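# I'd like to go over a predicted model; first the sequence, then the structure.
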There are 2 protein chains.
Amino acid sequence: MQAELRHKLIEEYLQEVEFASLEELSEKVDASLSTVRRDLGQLAALGNIKRTHGGARLVQTNKEEFIFTSRQKVESDAKERVAEACAELISPNQNLFLDAGSTIFEVARKLEDKTPHMVTNSLSIANLYAGHRDIEVIVSGGVIYPRLQVLVGDLAVKAYQSFNADIAILGGGGATEEGIMNSHLLLIEIQRAMIASAKKVIFCLDHTKIGRRSFTSLCGWDAVDMLVTNKEASKKLISHIKKQGVEILLA
Amino acid sequence: MQAELRHKLIEEYLQEVEFASLEELSEKVDASLSTVRRDLGQLAALGNIKRTHGGARLVQTNKEEFIFTSRQKVESDAKERVAEACAELISPNQNLFLDAGSTIFEVARKLEDKTPHMVTNSLSIANLYAGHRDIEVIVSGGVIYPRLQVLVGDLAVKAYQSFNADIAILGGGGATEEGIMNSHLLLIEIQRAMIASAKKVIFCLDHTKIGRRSFTSLCGWDAVDMLVTNKEASKKLISHIKKQGVEILLA
DNA sequence: CATTATCTTCCAACTTCATTCATAATATGC
DNA sequence: GCATATTATGAATGAAGTTGGAAGATAATG
């Protein structure tokens, strides 16, 4: 097997599992431990991967989508581009549902000129526009989920059920051939309510999420109208998703 | 098992259970106590985790990070004393309704040790405890009223109607012989809902509000169980209010 | 103050690492 | 096509890092 092919396989595999041991990778690419060690050394030198004792992991791991503060530093370039592209899709005065999560927060930032009406369960987004006179923000209500700055629970679900949005903009923990996944059950419950009450459903996921698995399945691709991601996302998986009738926007 | 994987497992487990003993973790990741100890030391050094005697807990996201707490100026001495006195009245684990407004925000600050369950329509209070694991904060939902950091409207009213509180702690724009007044109709609508669903109603008003008129009448003294104010308040008016069956607390 | 639990420090067993070397695959020159 | 240079691979080796347990120090508990 070619070195290049191995490198690609290793990266893809790490996207799925976040962390893998040398032995695991050795078996996966059918090469000796020495070779895998060399491969990882090269990939690590390029910065694509972080080498650890006994294995390797994706860089950026631990940066879970739903953990961030409103004072966060600039997110990755990819995330910003995705957010920008998504915001472009919105026309003035549309009614939006906005999910919680760092990517969607970035989208919200870029919506200032569109003066949309937005419903959100993200405290961060609520704070962002709390002092803004021109933008109407409806907060869903709910119990504060510590650390995540998200409102969850019955109150939030009912709130989304009682509104109708033109577009729901959502994030997630990962996406595979089967559909979107997310890590927190409480969030999934709310995201499903958003999907049910919105005319159009757009997911914003940067390339690090494409191919990655997460804790629980949120929905299949049939529930999704559009996926906004960036060019670095796995071409193979993207075309597979496209075949399932999802409109794709590459930032 | 690799160190990296153990770290991930430990963090995930702590997110579930909040606190875990060494032994518990040792079993969970199938490693010796020594190893877990070392792992926790490393995670603690990174700040992801807080080490304790015999175990570890998640580090709480710092509430100081939030926009609104820092924006709050030091309030007047009188207001602070009123807030302190009001907080003293609360016993642990009571269910509270917390109004918006600067005085009530000060009360909320002082409730940290009481670990009450609170429902609020104040974004500032929501932010104050957004990262706090021990205090359950329910946000009412509603439309953000710009400048005031308050949620108003139907969603907020309905939220308060659907809960029952032991105590509602409210503020206002002014108080006269006839009762409490407030400036914003939208707020009054919500405050009335709070009063209707609470067993006990406490108003916190510093002396500058006593005797002052405001735009609209909120309620008469018959709806109020207790008034917390400070010694500088008009004695004459206070005794008049007392005669109407309102318990008075002078800070 | 005594008892127990937990922490720190240390060491031996074990795993993983970097380096070296021989062999296999690939490229280059004639 | 054949011989030779270049590179990639896999195994062997001592070095470095990791692990689990034991012993003494320290902290919690009644």
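Received it, and whenever you're ready, just let me know what you need.
# in the stretch 101-250 of chain A, what residue is nearest chain B?
A:Gly141 (2.2 Å; C-beta to the nearest C-beta). (Glycine included, C-beta is placed from N, CA and C.)
# got the contact list for the closest residue to that residue other than its chain neighbours?
When the adjacent residues along the chain are set aside, A:Gly141 lies closest to B:Gly141, with 2.2 Å between them (C-beta to C-beta, 6 or more residues apart in numbering or on different chains). Counting by C-beta atoms under 8 Å, 6 or more residues apart in numbering or on different chains, B:Gly141 makes contact with A:138-142, A:151, A:155-156, A:159, B:121, B:151, B:155-156, B:159.
# try it again with 10 Å
With contact taken as C-beta atoms under 10 Å, 6 or more residues apart in numbering or on different chains, B:Gly141 is in contact with A:119, A:121, A:138-142, A:151, A:155-156, A:158-159, A:162, B:121, B:151, B:153-159.
# with A:Ser214 instead?
For A:Ser214, the contacting residues are A:64-65, A:172-176, A:180-184, A:188, by C-beta under 10 Å, 6+ apart.
# kindly report the residues of the stretch 51-200 of chain A close to DNA strand C.
Contact residues of the stretch 51-200 of chain A with respect to DNA strand C, defined by C-beta under 7 Å from any atom of the strand, are listed as A:Arg51, A:Thr52, A:His53, A:Gly54, A:Gly55.
# do that again at 10 Å, thanks
If contacts are counted using C-beta under 10 Å from any atom of the strand, the residues of the stretch 51-200 of chain A sitting beside DNA strand C are A:Arg51, A:Thr52, A:His53, A:Gly54, A:Gly55, A:Ala56.
# could I get these as CSV with pLDDT, neighbour count and distance to chain B?
Formatted as CSV, these follow (pLDDT from 0 to 100; neighbours: other C-beta atoms under 10 Å in any protein chain shown; distance: C-beta to the nearest C-beta, whole Å):
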residue, pLDDT, neighbour count, distance to chain B
A:Arg51, 92, 14, 10
A:Thr52, 92, 19, 5
A:His53, 93, 8, 6
A:Gly54, 91, 16, 4
A:Gly55, 91, 21, 5
A:Ala56, 92, 29, 9
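# okay, and which of these map to helices?
Among those, no residue falls in helices (DSSP state H).
# restricted to strands, list those.
Within those, residues falling in strands by DSSP state E are A:Arg51, A:Thr52, A:Gly55, A:Ala56.
# any chance of TSV for those residues, columns distance to B:Gly131?
Output for these, formatted as TSV (distance: C-beta to C-beta, whole Å):
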residue	distance to B:Gly131
A:Arg51	33
A:Thr52	29
A:Gly55	32
A:Ala56	32
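# intersect those with the contacts of DNA strand D.
Among these, DNA strand D is touched by A:Thr52 when using C-beta under 10 Å from any atom of the strand.
# ok, so of the ones in strands among the residues of the stretch 51-200 of chain A next to DNA strand C, who is nearest B:Ala168?
Distance ranking of these against B:Ala168, using C-beta to C-beta, places A:Thr52 first at 53.5 Å.
# now do the residue lying closest to the closest one once chain neighbours are set aside against A:His53, distance only.
Leaving out its chain neighbours, the residue that sits closest to A:Thr52 by C-beta to C-beta, 6+ apart is B:Glu4, at 4.6 Å. Computed with C-beta to C-beta, to the nearest Å, the distance linking B:Glu4 and A:His53 is 8 Å.
# again with A:Ala78
Between A:Ala78 and A:His53 the distance, using C-beta to C-beta, works out to 29 Å.
# kindly report the same for A:Ser162.
A:Ser162 sits 53 Å away from A:His53 when distances are taken as C-beta to C-beta.
# same check, this time on A:Asn121
Counting by C-beta to C-beta, the separation of A:Asn121 from A:His53 is 40 Å.
# buried residues in stretch A:191-210?
Applying a neighbour-count criterion of 16 or more other C-beta atoms under 10 Å in any protein chain shown, one finds A:191, A:193-195, A:197-198, A:201-210 buried in stretch A:191-210.
# looking at these, which are in helices?
Those of the buried residues of stretch A:191-210 mapping onto helices are A:Gln191, A:Ala193, A:Met194, A:Ile195, per DSSP H.
# which one among those gets closest to DNA strand C?
Out of those, the one with the shortest distance to DNA strand C is A:Gln191. That distance is 38.5 Å, counting by C-beta to the nearest atom of the strand.
# contact residues of the stretch 151-251 of chain A facing DNA strand D?
Taking C-beta under 10 Å from any atom of the strand as the criterion, DNA strand D has no neighbours within the stretch 151-251 of chain A.
# which bits of the stretch 151-251 of chain A sit near chain B?
Contact residues (C-beta under 10 Å from any C-beta of the partner chain) of the stretch 151-251 of chain A with chain B: A:Leu151, A:Gly153, A:Asp154, A:Leu155, A:Ala156, A:Lys158, A:Ala159, A:Ser162, A:Phe163, A:Ser183, A:His184, A:Phe215.
# ok, the last one touching A:Leu186?
No. Counting by C-beta atoms under 10 Å, no contact exists between A:Phe215 and A:Leu186, whose distance comes to 11.5 Å.
# identify each buried residue in stretch A:155-167, please.
Buried residues in stretch A:155-167, counted by 16+ other C-beta under 10 Å: A:Leu155, A:Ala156, A:Val157, A:Lys158, A:Ala159, A:Tyr160, A:Phe163, A:Ala165, A:Asp166, A:Ile167.
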